[in-house]
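*Asks:* Provide a 3D model corresponding to the input given below.
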Amino acid sequence: MTIHATDRKSALIIGASRGLGLAMAAEYVSREWWVTATVRGDGRTALHDLADSADGRLTVEKVDITAPEEVAALHARVAGRAFDLLFVNAAISNGDVPVADVSTETFNRVMVTNALSPVRVVEALQDLVPPTGTIGIMSSRQGSITLNDRAGYEVYRASKSALNQLMRSFAARHGRDPRTLLLLSPGWVQTELGGPAAPLTIGESIPGIVDTIEKHAGKGGLHFVDHRNQTLPW
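*Replies:* Numbering: from 1, shown residues only. Prediction:
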């Protein structure tokens, strides 16, 4: 089915039940976008509360991105719609554990959640984004190999580096694609993952993330940038 962009800006945000994803959904709603955002489980979340106060501009869907059949089912439910932005927010950490002490099961779980599954979602849902649209994934400064001079959180770092590499491969395979591709670092943020010692609040990070996405809209290419729109080295 052919999809067409409209004057009504719309976003599909994958992973928005809490933290950064929830804040992104709220930010886009506040900017008068029409938002479809996802949760993983069946229970009520803060995203549902946000939807109740969004005047119909926020729809909640369910998907577990590590389950390809659920991603396919989500695609079937929203097929034919055009989204100016497809954004995937997903990350888990095993803590600050040296890689030699990490079990194979934990390594696989972090890699599947942080690297493989987000790119699978992009592959599965990309046809919902028109040529003028943007496809983004939440990455991390810790995914930069160049900037790794402190070690720590080794499997998490490796998963974000793998995510970046997979998106570079995606961009290379779609070299004529005019859509903008973004890998975004939110900074070190006070979330469940970032911890209370992080220097940034969600309210300081997410508006910058959304501003950065809007600055790149329609320009094409793959970019690895942070919440201040500063280019990060691979």
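*Asks:* ok, now which ones touch P199?
*Replies:* P199 is in contact with 187-188, counting by C-beta atoms under 8 Å, 6 or more residues apart in numbering. C-beta coordinates here come from the backbone N, C-alpha and C atoms, glycine included.
*Asks:* repeat for the one 5 residues further on
*Replies:* With contact taken as C-beta under 8 Å, 6+ apart, E204 is in contact with 187, 189.
*Asks:* A helix includes it, no?
*Replies:* Yes. Counting by DSSP: H, G, I helix; E, B strand; the rest coil, E204 falls inside a helix.
*Asks:* measure it to G95 for me?
*Replies:* Per C-beta to C-beta, to the nearest Å, E204 is found 25 Å from G95.
*Asks:* neighbours around A51, how many?
*Replies:* The tally of other residues near A51 (other C-beta atoms under 10 Å) stands at 19.
*Asks:* wait, isn't it in contact with T45?
*Replies:* No. Contact criterion C-beta atoms under 8 Å: A51 and T45 do not qualify, at 9.6 Å.
*Asks:* state the distance from the residue nearest to Q142 when sequence neighbours are not counted to S144.
*Replies:* Once flanking residues are discounted, Q142 sits nearest to R157: 4.6 Å by C-beta to C-beta, 6 or more residues apart in numbering. Distance, R157 to S144, by C-beta to C-beta: 9 Å.
*Asks:* more neighbours: the two, which one.
*Replies:* R157 (22 against 18).
*Asks:* confirm that that one sits in a strand.
*Replies:* No. According to three-state DSSP, R157 belongs to no strand; its state is helix.
*Asks:* where's it relative to L166, distance?
*Replies:* 15 Å.
*Asks:* would you map the strands across this protein?
*Replies:* Ranges of strands within the chain are 10-14, 34-39, 58-62, 85-88, 134-138, 180-185, 221-226, based on DSSP state E.
*Asks:* and E69, which of those is closest to it?
*Replies:* With C-beta to C-beta, the closest approach to E69 among the strands of the chain belongs to strand 58-62: 12.6 Å.
*Asks:* partners of the closest one, with directions?
*Replies:* strand 34-39 (parallel) (DSSP bridges).
*Asks:* state the mean pLDDT of the partner strand.
*Replies:* Computed over strand 34-39, the mean pLDDT rounds to 98.
*Asks:* go on, stretch 149-164?
*Replies:* Mean predicted lDDT for stretch 149-164 stands at 95.
*Asks:* ok now that stretch, how far from the chain's centre?
*Replies:* 17 Å (C-alpha atoms, centre = their mean, to the nearest Å).
*Asks:* next: stretch 29-36.
*Replies:* Per C-alpha atoms, centre = their mean, the centroid offset for stretch 29-36 relative to its chain is 16 Å.
*Asks:* from here on, call the first residue 23.
*Replies:* Happy to do that; since the first residue is 23 now, the last one works out to stretch 51-58.
*Asks:* figure out the length between the terminal residues of that stretch.
*Replies:* End-to-end span of stretch 51-58 (C-alpha to C-alpha, to the nearest Å): 10 Å.
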